[in-house]
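here's a sequence, model it:
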Amino acid sequence: YSADVAGASQIRAVQPDGQTARVGEWAHLVGVHDPTADTLTLYVNGVKAATVAQSNPFYAGGTVQVGALDIDGGQRIQYFPGTIDDVRTFDRVMAPAEVNQLFGQRPLVMGRWNFETVQDGTPATTPDLSATGTPMTLGGQARQGMGWVDLSGLELDGTAAYAATNSQPLDTSASFTVTAWAQAAAIPDSTASVVSAAGTHTSAFDLRFEPDAKDPAGPGRYTAAIRDKDASATGERSVSNSEFYDGRDWNHLALVYDGFTKEARLYVNGVLQESACADDDGNGDADESSCQDLIAWADNVLSFKATGTLQVGRARTNDTWGQYFPGVIDDVWAFQGALNDSQITELAGSFIDIPTDVPAGS
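Predicted structure coming up:
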């Protein structure tokens, strides 16, 4: 409103003519007031819909209303007939890219491959159970094997076998989640990729097994490497999780990238590991020199937009395919958006007849 008085005129940023709000469909709405530019901007589903001048805003000292409007000293009108969810307020201007990332946090299933069906051909393929319909092609000597979810999984020889989509189902520069079950045939003696998203030169993310250099026969750890640019030689941020007993057992892996907060999280068997070394003297160093912090999340992480394909069982680094996984991978999911803790826990605890929907969580 133009002023805090009865009968004040409205200042409105409105979707342009020809665009329709439809009954029964969710819409993500963001309103931004910029006191420097003196503007009011409306975003609908991550896209700027309208901007108008707002040069003299007043201070609103009353309460925040959700689903209704207070006017003229307390009269309540314009009750919303539907459902409203995830209301957030920010005490700053939000940039267009941030609005888009915020919209992208709403998870959507962009792909699911459970390898229950393999269609013979040259090459063989397995269907995508999601509405996106992006099949995977089996390469090398990849074939069906005994899986963990339902019956079958993808059996890989650790030498040249893999599976890959023919297009990239994810925007890896925005919020995304990938999950998979993995069982190594033997403890890998070198880095072995479970799921990755290929660029031209390297993978935007690489969810992989890493052996323990000091104890090659030990359990090792799962690691997610995330890279901010598609270059032959590039730096990476990584998060690791050793919250599992043995890589030769079935383990559920989930990488969550929150593009809005720039945070990466790696869950193993539904657990987000967090174990810090003791530092009783507060000098910033572990009291035991051999101790290593085990924190399975990191902030200030950036991921570039992968233009290549989603890969299962291998990754691309320094212009080369490698890191072939020796074992079986099953029930690979790709979500656009960041799943929360309870949604990851639900997937990690499900084994049969799982619907191809975003987990309800709690």
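
give me the low-pLDDT residue ranges for the stretch 101-250 of the chain?
In the prediction, the stretch 101-250 of the chain carries residues with pLDDT under 70 at positions 104-105.

list the buried residues in the longest strand along the chain.
In the chain, with assignment by DSSP state E, the single longest strand is strand 326-336. With burial defined by 16 or more other CB atoms under 10 Å, the residues of strand 326-336 counted as buried are Pro326, Gly327, Val328, Ile329, Asp330, Asp331, Val332, Trp333, Ala334, Phe335, Gln336. Placement of C-beta: from N, CA and C, glycine included.

show me the contact partners of stretch 59-66.
The contact list for stretch 59-66, computed with CB atoms under 8 Å, 6 or more residues apart in numbering, reads Asp4, Asp70, Arg76, Ile84, Val87, Thr89.

closest to Gly270 among those?
Val87 (28.2 Å; CB to CB).

burial check on the closest one, number of neighbours?
Applying other CB atoms under 10 Å, we find 8 residues neighbouring Val87.

kindly report the same for Phe244.
The criterion is other CB under 10 Å. On that basis, Phe244 has 19 neighbouring residues.

now do the one 5 residues further on
Here the neighbour count serves as a burial measure; for Asp249 (other CB under 10 Å) it reads 13.

give me the most central residue, the chain.
In the chain, the residue lying closest to the centroid (CA atoms, centre = their mean) is Phe176, at 2.1 Å.

contact partners for the nearest residue to Leu138 once chain neighbours are set aside?
In space, and not counting its chain neighbours, Leu138 is closest to Ala124: 4.5 Å by CB to CB, 6 or more residues apart in numbering. Ala124 is in contact with Val118, Thr137, Leu138, Ala142, Arg143, counting by CB under 8 Å, 6+ apart.

are any of those buried, and if so which?
For the contacts of Ala124, burial is judged from neighbour counts taken by 16+ other CB under 10 Å, and it is met by Val118, Thr137, Leu138, Ala142.

quick check: phi and psi on Ala97?
Comment: the main-chain dihedrals of Ala97 come out as phi -60, psi -40, following degrees, to the nearest 10.

should've said Arg314
The phi/psi pair for Arg314 (degrees, to the nearest 10) reads phi -160, psi 170.

shouldn't it be in contact with Ile329?
No: at 10.8 Å, Arg314 and Ile329 do not qualify as touching, with contact defined as CB atoms under 8 Å.

what comes into contact with stretch 349-356?
Val109, Arg112, Leu129, Ser130, Trp148, Val149, Asp150, Gly270, Asp331, Leu347.

list the buried residues in that stretch.
Residues Ile354 are the ones in stretch 349-356 that count as buried (16+ other CB under 10 Å).

stretch 48-63 now?
Neighbour-count burial for stretch 48-63, counted by 16+ other CB under 10 Å, picks out Ala49, Gln54.

endpoints of it, how far apart?
Across stretch 48-63, the straight-line distance between its terminal residues is 27 Å, by CA to CA, to the nearest Å.

check the offset of it from the chain's centre.
Distance of stretch 48-63 from the chain centroid (CA atoms, centre = their mean, to the nearest Å) equals 33 Å.

what mean pLDDT does that stretch get?
Stretch 48-63 shows an average pLDDT of 90 in the prediction.

same check, this time on stretch 294-313
In this model, stretch 294-313 has an average pLDDT of 92.

show me the strands in the stretch 201-350 of the chain, by range?
Counting by DSSP state E, counting those that start in this stretch, the stretch 201-350 of the chain has strands at residues 203-210, 221-226, 237-241, 251-258, 263-268, 274-275, 294-295, 297-298, 310-312, 315-317, 320-322, 326-336.

turn those into CSV, including distance to Ala97.
Rendered in CSV, the data for the strands of the stretch 201-350 of the chain read as follows (distance: least, CB to CB, whole Å):
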stretch, distance to Ala97
strand 203-210, 17
strand 221-226, 18
strand 237-241, 19
strand 251-258, 14
strand 263-268, 16
strand 274-275, 29
strand 294-295, 27
strand 297-298, 21
strand 310-312, 24
strand 315-317, 26
strand 320-322, 32
strand 326-336, 16
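
ok, which of the ones you listed comes nearest Asp171?
strand 326-336 (6.5 Å).

tell me the contacts of Thr307?
By CB under 8 Å, 6+ apart, the residues touching Thr307 are Gln168, Gly199, Thr200, Asp230.

how does the chain divide into domains?
Structurally, the chain divides into domains by automatic domain parsing as follows: 29-104, 108-282+289-348.

and the longest one, how far apart are its ends?
Right, the one you point to is domain 108-282+289-348. Taking CA to CA, domain 108-282+289-348 runs 18 Å from one end to the other.

so how far is it from its chain's centroid?
Distance of domain 108-282+289-348 from the chain centroid (CA atoms, centre = their mean) equals 12 Å.

one step back: and Asp34, which of the strands of the stretch 201-350 of the chain is closest to it?
With CB to CB as the yardstick, what comes closest out of the strands of the stretch 201-350 of the chain is strand 251-258 (24.8 Å).

state the mean pLDDT of that closest one.
When the per-residue pLDDT values of strand 251-258 are averaged, the result is 96.

I am finished for the moment; much appreciated.
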